[in-house]
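>>> Build me a model from this:
(one chain, ligands or ions: 1)
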Amino acid sequence: MLKIYGIPNSQPVRAVMWPCLMHGLAFDLQLTSQNKDAKEPAFLADVNPRGTVPAIDDEGVVLWESHAILIYLCEKHGWRDLWPDDLVARAKVNQYLHFHHRNTRELVVHWSRSLWPSVFGKTDADEGWFRRNTFPGLENGRAVRRQSLGIIEGMLGRSAFLAGDSATLADISAYEELGQNQPKFANCEDYSDYPNIRRWFTAMEELPGHDDVHEIWSLIGDVNRVEGGMRTIARANKQAAQTIRDAVARIGRQGA
Ligand SMILES: N[C@@H](CCC(=O)N[C@@H](CS)C(=O)NCC(=O)O)C(=O)O
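Take a look at the predicted model:
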């Protein structure tokens, strides 16, 4: 069975698990923390030399980098809704996936700068502390984040989803960064100036498997007010992982 290494609190890990649930592909979620488990010598040697999650082992095919994993799974299983066959439609999805890494992904810096001081009870975090304890981000990260939101708002003004009339890998990847920051979840981004993004959030929430993959968001809640430190995060990851495993088990029963 496909093994997915990672934790529910990771954006790119959720981006890999969600299409699997959507398409009824069973997987074995191997809870792998980014700071400890993914930095173990065996993981670095056998799975991912960069020590990040997600990574997969698909009956001996070992891959890391969420977009490479997603494209591999789409091509292997023929998920043409998410990764279209048509040359131009696929190029539009691919365009977003390349854009994502140094642009939309910068939103995670803002999320982690809100989350980690609250988890560690740090009220006087300085730049040095942020550099050591959160995603480091780009020098001009704030500007990149604002520009990314503007570009995505514009794209969603031209079509219902990022690369056309229905959700593709572009939407899955983008949603993991943007969706979590909503006031009703992490509460660290105000989307009131982005009506197209808000409309798209509603459409994304209706996709199959959404609630199973994203339970972690309500378990952690407002990232500026996490109580109980790392234990709360670890407990939330375990509980959310169980919900995902239960959803995978339901696939097994439906497929049997
Ligand atoms: N570009 C990678 C990013 C993966 C990534 O940043 N994962 C985080 C967890 S959300 C991680 O493992 N961080 C640990 C590190 O950077 O050392 C992908 O899309 O898979």
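>>> Could you find the closest non-adjacent residue to Pro19?
Once its chain neighbours are removed from consideration, Pro19 has its nearest residue in Leu82; the separation is 5.8 Å (C-beta to C-beta, 6 or more residues apart in numbering). Heads up, the C-betas are built off the backbone N, CA and C, glycines and all.
>>> and that neighbour, how many residues sit next to it?
A count of neighbours around Leu82, defined by other C-beta atoms under 10 Å, yields 22.
>>> Same question for Val144.
For Val144, the count of nearby residues is 19 (other C-beta under 10 Å).
>>> With Arg102 instead?
Counted with other C-beta under 10 Å, the burial measure for Arg102 works out to 11 neighbours.
>>> Can we start the residue count at 51 from this point?
Shifting the count to begin at 51 puts that one at Arg152.
>>> Do you know the pLDDT at it?
If you check Arg152, the pLDDT there is 94.
>>> So which residues on the protein come close to the ligand?
Among all residues of the chain, those adjacent to the ligand (criterion: C-beta under 6 Å from any ligand atom) are 60-62, 84, 88, 101-104, 115-117, 151.
>>> One more pass at 5 Å, please.
Residues of the chain that fall close to the ligand, judged by C-beta under 5 Å from any ligand atom: 60, 62, 84, 102-103, 115-116.
>>> residues in contact with Ala88?
55, 82, 94, 97-98, 101-103, 105 (C-beta atoms under 8 Å, 6 or more residues apart in numbering).
>>> Then Gln289?
With contacts taken as C-beta under 8 Å, 6+ apart, Gln289 has the following neighbours: 265, 269.
>>> Identify the residues contacting the nearest residue to Asn183 once chain neighbours are set aside.
Counting by C-beta to C-beta, 6+ apart, the nearest residue to Asn183 once its immediate chain neighbours are dropped is Trp166, at 5.2 Å. Neighbouring residues of Trp166 by C-beta under 8 Å, 6+ apart: 172, 183-184.
>>> Is there a quick ChimeraX command that grabs whichever of those residues are buried?
One line in ChimeraX is enough to select the buried ones among the contacts of Trp166; burial here means 16 or more other C-beta atoms under 10 Å:
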select :183,184
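>>> which one of the contacts of Trp166 sits closest to the ligand?
Comparing the contacts of Trp166 against the ligand with C-beta to the nearest ligand atom places Thr184 closest, at 10.6 Å.
>>> so where do the strands sit in the stretch 101-250 of the chain?
Secondary structure of the stretch 101-250 of the chain (DSSP state E, counting those that start in this stretch): strands located at 105-108, 111-114.
>>> Most tightly packed of these?
Comparing those by mean neighbour count (mean count of other C-beta atoms under 10 Å), strand 105-108 ranks first with a mean of 21.
>>> For the ligand, see how far away Ala76 is.
To the ligand, Ala76 is 21 Å away according to C-beta to the nearest ligand atom, to the nearest Å.
>>> tell me which residues of stretch 166-174 are tucked away?
For stretch 166-174, the buried set under the neighbour-count rule, 16+ other C-beta under 10 Å, comprises 166-169.
>>> now swap in stretch 194-213 and tell me
194-195, 198-199, 202-203, 205-206, 211-213.
>>> taking those as a set, which two sit the farthest apart in space?
Val194 and Phe211 (22.5 Å; C-beta to C-beta).
>>> so Ile121 makes contact with Trp133?
Yes - taking C-beta atoms under 8 Å as the definition, Ile121 is a contact partner of Trp133 at 6.2 Å.
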